[in-house]
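Novice: Provide a 3D model corresponding to the input given below.
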Amino acid sequence: MKNIKFIPLLLIALSLIVTSCAIDDDPAIVGETIITKTVSFATDKVIVPASATPYDVSVLISQSFGTNALIEYTVNGEEKGATVPFGSVTGGLPLDVSTAGVVYDVVMTDISVLEKPTNVDAVIDQGNKTIRVIVVPSIDPSALQIMMVWSNMDQNDLDLWITDEPPTAGYEISQSVSPVETISFANTYPDGTYNALAREWFTVDPTTDVTMYVVHPDGTIESFDDTINQGSDFNYFIKFDKVGSTYTVTQVPAVPVF
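Specialist: Purely as a prediction, here's the structure:
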């Protein structure tokens with residue numbers, strides 16, 4: 001009789017053990033803690049002076065990886081890749097910035113981590129995966145550099161003029177056939193007030209969006225945006241006061257001069 005009484009107790013104990021193991025093996029109840037490491041750009045636009053040395057577009061990583069990571073990206077649609085060394089929380093995507101007037105649109109598309117642990121998830125921040133890089137003239141301590149770009153550059157043609165104030169004489173003129181106009185205004189010019197005018201040579205659009213980038217002798221870079229109308233010929237855009245190698249630039253309404 002005593003042995004018979006022990007049998008139900010044994011069955012109850014076995015059932016508790018099986019139930020406990022089932023709970024331990026249920027991934028819905030016990031799972032790994034996933035660590036998400038995010039890759040992003042710090043900004044959506046950067047202006048870079050032209051240089052023979054490649055420029056590294058900065059990439060931020062929320063937490064460093066224990067092994068090397070490969071970032072895949074496109075530059076104006078061309079696929080490229082760059083390695084981020086393990087232990088680093090920053091990376092760089094190299095760009096050729098040797099030519100002023102070039103504009104790059106860089107988009108991160110994928111990231112893969114060598115021998116990544118199963119509890120680590122590497123993702124690209126979808127809200128900060130794109131950056132535009134604008135290459136402006138290189139810094140020249142002996143001159144003020146001005147670069148002008150505009151919308152629909154394949155069909156619209158603008159010229160860049162530097163004149164006195166009020167505009168009566170042209171000191172520097174850029175009217176090339178290239179889609180970018182650039183002027184170097186030497187520090188040897190007399191001190192005074194000057195205009196940088198956007199001249200509408202030929203346009204097919206009713207309005208044209210224009211941007212002027214100004215690179216100062218001390219390396220300061222400024223940009224100015226406005227719109228000019230078709231048939232407007234010479235348009236005011238920016239004025240600058242020159243004292244030696246110091247230039248104070250002011251944007252003015254983009255209206256016809258004459």
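
Novice: Can you list the buried residues in the strand or helix carrying Thr211?
Specialist: Thr211 belongs to strand 207-215 when assigned by DSSP states H and E. Of the residues in strand 207-215, Thr208, Val210, Thr211, Met212, Tyr213, Val214, Val215 count as buried by neighbour count, 16 or more other CB atoms under 10 Å. (C-beta placed from N, C-alpha, C; glycine too.)

Novice: Rebuild the residues you listed as JSON lines, extending it with pLDDT.
Specialist: Converted to JSON lines, the buried residues of strand 207-215 look like this (pLDDT from 0 to 100):
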{"residue": "Thr208", "pLDDT": "97"}
{"residue": "Val210", "pLDDT": "97"}
{"residue": "Thr211", "pLDDT": "97"}
{"residue": "Met212", "pLDDT": "98"}
{"residue": "Tyr213", "pLDDT": "98"}
{"residue": "Val214", "pLDDT": "98"}
{"residue": "Val215", "pLDDT": "98"}
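
Novice: out of these, who's nearest Ile71?
Specialist: Tyr213 (28.2 Å; CB to CB).

Novice: can I assume the closest one is in contact with Ile47?
Specialist: Yes. Between Tyr213 and Ile47 there is a contact under CB atoms under 8 Å: 6.6 Å.

Novice: can you pull out the helices in this protein?
Specialist: With helices called from DSSP state H, the chain shows them at 2-25.

Novice: Could you list the domains of it?
Specialist: 35-136, 143-251 (automatic domain parsing).

Novice: Please report the separation between the first and final residues of the first one.
Specialist: In domain 35-136, first residue to last residue: 40 Å (CA to CA, to the nearest Å).

Novice: quick one: average confidence on stretch 141-148?
Specialist: Averaging pLDDT along stretch 141-148 yields 98.

Novice: Now do the buried residues in it.
Specialist: Under the neighbour-count criterion of 16+ other CB under 10 Å, stretch 141-148 has Ala143, Leu144, Gln145, Ile146, Met147, Met148 buried.
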